[in-house]
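[1] Sequence unavailable; structure follows:
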């Protein structure tokens, strides 16, 4: 082993220089920090710090080389996620007791809360995620050894937070049956601290059938009708860049409320409930009667359904038609069936919202069937005539602008159509019924038949011919989605039977008995 030789040269009185030779190195004094001396110029090895040091006369300074920082295992932090972020730092020259500082782009720095020097080439640092600020990205990392020497790797850590929902968890709306459009729902919104575009998707649960959640958080479509109030629960995910946040919501779809108006002999009232802006209605006019002697039927009433905008309406008046009465004379002629209608506030021609006509009265001849009532915005049908001299004596159906013409006065018992009522020359405001009535059959030994009630009534006729049906009406400025049909003629069967609101025993004409009453239904 080569020996190190130390020679002491005295060049100046009282001064001794050390001359070192050999290859192993010169051993200097070593000891703990507590064992330090206090003479300027002393060089020693500090066993506490593991570094050589020298004394300046005012303090000790370490003799060291700076560390190097080459890479991090984390380059993105979600500052709003909560908790701590663990970051592994790779480099060289890391010493025990080293500190880690995260250096903000604009000068706002903070130290890691814990630092573990795993080796001279690896450090594990932990810091609260909330300490990383968007305004300071990208962050650099600075490692400082206890010697005070340090190295910084800049531009390493960006902040990418998950989006934040702006709409609280819970209901996004309740859809009334009368308006199940998605426009009644709250749009889901969120914000992202980095300004990244946000998309939304349903990741679990069920959205009402007929409604779609769009990627921008809006809803489209119309919910299917429910048979009972139903609440749907689902979870929406907001995604910004690669970060996601989930939130649970509900939507409730209400089952419809159904209100019915059968014939009562007087007008009825309906107050529009608070919050209801539209309702679906269905209505059937009344049928008429005829005699079995000639195998004839009274005309059937009209049918119609639609959606009514009630946003500007508070009270609706309802008229439900009475079935035409079977005549008591030997011929058994029929009076006209009453119209069914709804009105804004009061029952007047000018306040009509929707009307379906009543059927015209039938006679006792072969196939002398009464004319059918018109549906919404439809004319009433013409009555039939036995033929021959009677052909021109049938009553014609009311139109949407005028009452139907009465048959010629062969037996002096013809009846004339009039607004809203199937006309009876002696009772122009409703025939024998209180509301919604068609014209009554005539008087005397050979009475005529009565026209059906309507927006404009059907024309009456004489003894051997039948009368016209009343016309219908709809105010299309507030009524939409109209479906309509003229009543049946000569069959004794109702129309609109496929409507879910239909009930049996209404609307159709009869033979040898009173015609069937009308019917009105609201669904909302």
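    Everything's here; your move. Every value quoted in this text rests on a predicted model; they were computed, and no experiment measured them. Numbering: from 1, shown residues only.

[2] Which residue ranges make up the domains of this protein?
    Following automatic domain parsing, the chain resolves into domains at 6-63, 68-159, 164-253, 267-524.

[3] I'd like to know which of these is closest to residue 260.
    Across the domains of the chain, the minimum distance to residue 260, taken as CB to CB, is reached by domain 267-524, at 5.1 Å. The way it works is simple: take the backbone N, C-alpha and C, and place the C-beta from them, glycine included.

[4] how far does the closest one stretch from start to finish?
    21 Å (CA to CA, to the nearest Å).

[5] Also stretch 212-232?
    End-to-end span of stretch 212-232 (CA to CA): 13 Å.

[6] Go through it and flag the buried ones.
    213, 217, 218, 219, 221, 222, 223, 225, 226, 230, 232 (16 or more other CB atoms under 10 Å).

[7] Average pLDDT for that stretch, rounded please.
    The average pLDDT for stretch 212-232 rounds to 97.

[8] Ok, stretch 69-77 next?
    95.

[9] before we move on, what about stretch 155-173?
    Stretch 155-173 comes out at a mean pLDDT of 94.

[10] Could you check that stretch and say which residues are buried?
    156, 157, 159, 160, 161, 162, 163, 164, 165, 172.

[11] Now find how far off-centre that stretch is within its chain.
    For stretch 155-173, the distance from its own C-alpha centre to the chain's C-alpha centre is 23 Å (CA atoms, centre = their mean, to the nearest Å).

[12] now do stretch 451-458
    43 Å.

[13] Would you work out how far apart the start and end of it are?
    4 Å.

[14] Now do that stretch, average pLDDT.
    In this model, stretch 451-458 has a mean pLDDT of 87.

[15] How about stretch 312-324?
    Mean pLDDT, computed over stretch 312-324, is 94.

[16] From the chain's centroid, how far away is it?
    Using CA atoms, centre = their mean, the offset of stretch 312-324 from its chain centre is 32 Å.

[17] Which of the residues in that stretch are classified as buried?
    Along stretch 312-324, these residues count as buried under the neighbour rule (16+ other CB under 10 Å): 313, 316, 317, 318, 319, 320, 321, 322, 323, 324.

[18] Could you pull up the residues touching the most centrally placed residue in the chain?
    Note on the chain: the residue nearest the mean C-alpha position is residue 182, at 2.6 Å, using CA atoms, centre = their mean. With contact taken as CB atoms under 8 Å, 6 or more residues apart in numbering, residue 182 is in contact with 211, 212, 218, 219, 220, 221, 222, 223.

[19] let's see 10 Å
    If a contact means CB atoms under 10 Å, 6 or more residues apart in numbering, then residue 182 has 172-173, 175, 207-208, 210-214, 218-223, 251 as its contacts.

[20] now do residue 484
    283, 302-306, 354, 356, 374-378, 472, 474, 495-496.

[21] Apply 6 Å and report the result again.
    Applying CB atoms under 6 Å, 6 or more residues apart in numbering to residue 484 gives the contacts 304, 375, 376.

[22] could I get those as JSON lines with distance to residue 188, neighbour count and secondary structure?
    Below are those laid out as JSON lines (distance: CB to CB, whole Å; neighbours: other CB atoms under 10 Å; DSSP: H, G, I helix; E, B strand; the rest coil):
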{"residue": "304", "distance to residue 188": "40", "neighbour count": "31", "secondary structure": "strand"}
{"residue": "375", "distance to residue 188": "43", "neighbour count": "32", "secondary structure": "coil"}
{"residue": "376", "distance to residue 188": "40", "neighbour count": "27", "secondary structure": "coil"}
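
[23] Can you lay out the residues you listed as a markdown table showing pLDDT?
    Output for those, formatted as a markdown table (pLDDT from 0 to 100):
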| residue | pLDDT |
| --- | --- |
| 304 | 98 |
| 375 | 97 |
| 376 | 98 |
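
[24] Helices of the stretch 151-300 of the chain, start to end?
    For the stretch 151-300 of the chain, applying DSSP state H, counting those that start in this stretch gives no helices.

[25] Burial check on the closest residue in space to residue 362 that isn't next to it in sequence, number of neighbours?
    Nearest residue to residue 362, sequence neighbours excluded (CB to CB, 6 or more residues apart in numbering): residue 290, at 2.6 Å. Residue 290 has 40 neighbouring residues, counting by other CB atoms under 10 Å.

[26] Okay, residue 290 and residue 325: tell me how far apart.
    Using CB to CB, to the nearest Å, we find residue 290 at a distance of 11 Å from residue 325.

[27] hang on, the earlier thing: tell me which of the domains of the chain lies nearest to residue 259.
    Judging the domains of the chain by CB to CB, what sits closest to residue 259 is domain 267-524, at 4.6 Å.

[28] contacting residues for residue 373?
    Residue 373 touches 285, 301, 302, 357, 358, 359, 380, 452, 469, 470, 487, counting by CB under 6 Å, 6+ apart.

[29] Tell me if I'm right that residue 250 and residue 233 touch.
    Yes: counting by CB atoms under 6 Å, residue 233 is a contact partner of residue 250 at 5.1 Å.

[30] which residues in the stretch 401-524 of the chain form helices?
    Taking DSSP H, counting those that start in this stretch as the criterion, the stretch 401-524 of the chain carries no helices.

[31] starting at the chain centroid, how far to stretch 486-497?
    With CA atoms, centre = their mean, you get 39 Å for stretch 486-497.
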